[in-house]
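Trainee: Okay, predicted coordinates and the sequence, questions at the end:
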Amino acid sequence: MPGGPRRDLYAVGAAALLVTAAVLVGRHIQGADRTLFADWPPLLASWGPHLGPGTPAAVLVAVATVAYGPPLAARLPWRILAPLTWGTATAWTFSLALVDGWHRGIAVRLTTPHEYLQAIDRFHDIPAALRGFTGHILLGSPDNWPAHVAGHPPAAPLTFVLLDRIGLRGGGWAGMWCITVGATACVAVLVAVRALADEGLARGAAPFLVLAPAAVWTGTSADAYFTAVAAWAVALLALAVTGRSLWWAGASGLLFGLTCYLSYGLTLVALIAAMVLVLGRRGIRGRPVLLVPLLTGLAVVPTAFTLAGFDWWEAYRLLVTRYHQGVGGIRPYGYWVWANLACTVLVTGPAAVAGLRRTGAVLVHRCRDAPDRAAGVRLALLVSTALLALLVADLSGMSKAETERIWLPFTLWLLPACAFLTLPRASGSSPRFSTLLEQGGPPRAGGIPVRAWLTAQALLALLLNHLLLTRW
C-alpha cells in the first residue's frame, strides 16, 4: 500500500490536534467576546452528557455492524447489500437521534423558530408565495422568512409544505422523512463508486458509510434530505455515462436541477458531476446523445420555478445580504475558515482521515503498477473532487459554522476513501479483497484491521451524541 499504517496514525493524530485547537481557541473566543455563536465550537452544540432510549439500540447497531459488516459486505449479492446498507444506516441514524428522545431528538427539530415548518401556513397559495418569495428574504423586509427558509431556494420549504398537504403533518413526519430519505444517500454513493471505480471498493466502503459519525446530524436535519437528492443525482449520472442510458441521464439532470433549488451552496455539486463526466468520458464519446436528456432534465426545475415567478439569482443576491445582516456577518472568518475543517474531521471520523491520506498516496503513485491501480485512481479522483468542492465552500465565507450539517452533501463523498483501508495496497479490487474484508482486515500484514477503524468511527459518533446536545 502507498505508505503504511504508521502514516495513517500520523494523519489521524494531526487531525486530532486540529480538532483540539479548534475547541480550545473556539472556547476562548466565545468566552471572550461571544462572536462565534456556538457554545461548543467548532460544533453548534452544548455540553450535556446524557443517555436516552436510543442508547441501547445505537450500541447494538454499532456492535453488529463492526462484527458482521465487513464479511457481509464482501459476501452478499449486490441486490441484497444495497438495501441492507440503507436499512442499517437508517437504524443507526434513528437510534442516535433517539438518544435525545423522540420529542427532542426528532419531533421538534424542524419546528424551531428558524426552521421550515414555521412557514408552512404562508404557502397556502403556492404560486403567490413563489412570486413574492424574494420580497421576504432580508431582515428588514415585512414578514421576513425564518432563517432556513430565507437561506434556501423555495424547493426546500415546498417539500415540507407538500408533506403537510398529503397528511404527513408536523415535526415527527418531517424528521422521519429526512432520516429515511437521507439514509439512502449511502446507497447512492455505493452505486456511483461501483459504476465509476470498482465493486470491490464499493463493498469496502459500505460499512464505513453505515457507521459514519455524520449520522448524528443526518437525524434530524433537512440537509440530510438535500444530501440524498444530490447523491442520487451523481449516482444516476454515473450509471448514465457507464451504462450509456438515456433514461438515467434524464433522471440525473432532473435531480441536479432540483438540487440547485434545495440549497444555493449545492451548485458546487457540479464539480463532482464534472468529475463523473470525466471518468465516464468513454461512455459519452460512444453515445454523445446522452447529453441531450441530461441537459433537458437539468432545465425542468429551474424553468418551472422561473415561470412561477421565482428569480434564483436575485434571491441569492439578497441571501448574501441577509447572511451578513445576521450572525454570519459577526462570526470571524479567521477562525471558521480552519475550524470548519476540524468540524469535518468530527463528521467523517478518523477512518476517513486515514482514507484521505491514502487517497493522496494513490494519486501520487498513480503511475506505478497502473493496471492494478486504475480503479483506485478513479475513486481517488472522485473523493478528491468532493474535497475540492468542500474547500471552495469553506473559502467562500458563506459557511461559517454549522458545517456539520451544511456540508453533509460533500462530506458524504469523502467516506468512500475508507475503502482504501480494507486493502494492504490501495489498488482497487484484488484476489485477496474478499478474504481480507471477511477477516476484518490484514492483522498480520502490519496494517490496522478494518474492524478497528469501524470501532473508532462508531465510538466517535456515540461519544458526540451522548456528551453533547447538538442542535440537529
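Mentor: All right, it came through fine. Numbering: from 1, shown residues only.
Trainee: Contacts only, for Pro53.
Mentor: By Cβ atoms under 8 Å, 6 or more residues apart in numbering, Pro53 lies in contact with Leu98, Val99, Gly101, Trp102. Where you see a C-beta, it was placed from the backbone N, CA and C, and this is true even at glycine.
Trainee: Highest neighbour count among those residues?
Mentor: For those, the largest neighbour count, defined by other Cβ atoms under 10 Å, is 23 neighbours, found at Val99.
Trainee: wait, isn't it in contact with His466?
Mentor: Yes. Using Cβ atoms under 8 Å, Val99 is in contact with His466, at 6.2 Å.
Trainee: Mutual contacts of those two, please.
Mentor: Jointly contacting Val99 and His466 under the rule Cβ under 8 Å, 6+ apart are His50, Leu51, Thr55.
Trainee: Next, the second one: secondary structure please.
Mentor: Think Leu51. When classified by DSSP: H, G, I helix; E, B strand; the rest coil, Leu51 comes out as coil.
Trainee: Can you lay out the contacts of Pro53 as JSON lines showing pLDDT, distance to Gly243 and secondary structure?
Mentor: Conversion of the contacts of Pro53 to JSON lines gives the following (pLDDT from 0 to 100; distance: Cβ to Cβ, whole Å; DSSP: H, G, I helix; E, B strand; the rest coil):
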{"residue": "Leu98", "pLDDT": "97", "distance to Gly243": "39", "secondary structure": "helix"}
{"residue": "Val99", "pLDDT": "97", "distance to Gly243": "41", "secondary structure": "helix"}
{"residue": "Gly101", "pLDDT": "96", "distance to Gly243": "45", "secondary structure": "helix"}
{"residue": "Trp102", "pLDDT": "97", "distance to Gly243": "42", "secondary structure": "helix"}
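Trainee: from those residues, which two are the most distant?
Mentor: Val99 and Trp102 (10.8 Å; Cβ to Cβ).
Trainee: And the strands in this structure?
Mentor: Listed in chain order, the strands of the chain (DSSP state E) span 45-47, 468-470.
Trainee: Low-confidence ranges, the stretch 301-450 of the chain, go.
Mentor: The model of the stretch 301-450 of the chain has pLDDT under 70 over residues 366-372, 424-446.
Trainee: again, 90 this time
Mentor: By pLDDT under 90, the low-scoring segments of the stretch 301-450 of the chain are 364-374, 399, 422-448.
Trainee: go on, the stretch 1-150 of the chain?
Mentor: In the predicted model, the stretch 1-150 of the chain carries pLDDT under 90 at residues 1-5.
Trainee: Which parts of it are helices?
Mentor: Along the stretch 1-150 of the chain, the stretches classed as helices by DSSP state H, counting those that start in this stretch are 5-33, 55-75, 78-97, 101-102, 126-131, 147-150.
Trainee: Could you do the stretch 301-450 of the chain as well?
Mentor: Ranges of helices in the stretch 301-450 of the chain, per DSSP H, counting those that start in this stretch, are 312-325, 333-348, 350-364, 370-395, 403-406, 408-411, 433-438, 450-467.
Trainee: okay if I get those as TSV plus mean neighbour count?
Mentor: Converted to TSV, the helices of the stretch 301-450 of the chain look like this (neighbours: other Cβ atoms under 10 Å):
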stretch	mean neighbour count
helix 312-325	15
helix 333-348	22
helix 350-364	23
helix 370-395	20
helix 403-406	26
helix 408-411	28
helix 433-438	18
helix 450-467	21
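Trainee: As CSV, the ones you listed with distance to Val300 would be great.
Mentor: CSV is the format used below for the helices of the stretch 301-450 of the chain (distance: least, Cβ to Cβ, whole Å):
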stretch, distance to Val300
helix 312-325, 14
helix 333-348, 32
helix 350-364, 34
helix 370-395, 24
helix 403-406, 26
helix 408-411, 20
helix 433-438, 40
helix 450-467, 37
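Trainee: For Thr111, which of these is the nearest?
Mentor: Among the helices of the stretch 301-450 of the chain, the nearest to Thr111 by Cβ to Cβ is helix 403-406 (16.3 Å).
Trainee: by contact count, what packs against that closest one?
Mentor: With contacts defined as 3 or more Cβ pairs under 8 Å, 6 or more residues apart in numbering; DSSP states H and E, the packing partners of helix 403-406 are helix 215-218, helix 222-243, helix 333-348, helix 370-395.
Trainee: which other residues reach it?
Mentor: 43-44, 216-217, 221, 223-224, 265, 340, 343-344, 346-347, 393-394, 399, 470, 472.
Trainee: repeat that with 7 Å
Mentor: Leu43, Trp217, Ser221, Asp223, Gly265, Asn340, Cys343, Thr344, Val347, Ser399, Trp472 (Cβ atoms under 7 Å, 6 or more residues apart in numbering).
Trainee: Out of those, flag the one nearest to Thr159.
Mentor: Set against Thr159, the nearest of those by Cβ to Cβ is Asp223 (12.3 Å).
Trainee: and Thr218, how many neighbours does it have?
Mentor: By other Cβ under 10 Å, 33 other residues sit near Thr218.
Trainee: cool, the one 4 residues further on as well?
Mentor: Neighbour count of Ala222, defined by other Cβ under 10 Å: 27.
Trainee: gap between stretch 334-345 and the chain center?
Mentor: Here stretch 334-345 is found 16 Å from its chain centre; the criterion is Cα atoms, centre = their mean, to the nearest Å.
Trainee: same question, stretch 206-223
Mentor: Centroid separation for stretch 206-223 versus its chain: 8 Å, with Cα atoms, centre = their mean.
Trainee: Rounded mean pLDDT for it, please.
Mentor: Taken as a whole, stretch 206-223 has a mean pLDDT of 96.
Trainee: CA atoms only: put that stretch into CSV for me.
Mentor: Provided in CSV are the C-alpha atoms of stretch 206-223 (Å, rounded to 0.1, in the frame of the first residue of the first chain):
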residue,chain,number,x,y,z
ALA,A,206,-20.2,0.1,2.7
PRO,A,207,-19.7,-0.5,6.5
PHE,A,208,-18.0,2.9,6.8
LEU,A,209,-20.9,4.7,5.1
VAL,A,210,-23.2,3.0,7.5
LEU,A,211,-21.3,3.9,10.7
ALA,A,212,-20.3,7.4,9.7
PRO,A,213,-20.4,9.9,12.6
ALA,A,214,-22.3,12.1,10.1
ALA,A,215,-25.4,10.2,11.1
VAL,A,216,-25.5,12.3,14.3
TRP,A,217,-26.6,15.2,12.0
THR,A,218,-28.4,13.2,9.4
GLY,A,219,-31.0,12.8,12.1
THR,A,220,-32.6,15.2,12.1
SER,A,221,-31.8,18.0,9.6
ALA,A,222,-33.2,18.9,6.2
ASP,A,223,-29.6,18.8,4.9
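Trainee: Perfect, that will be all.
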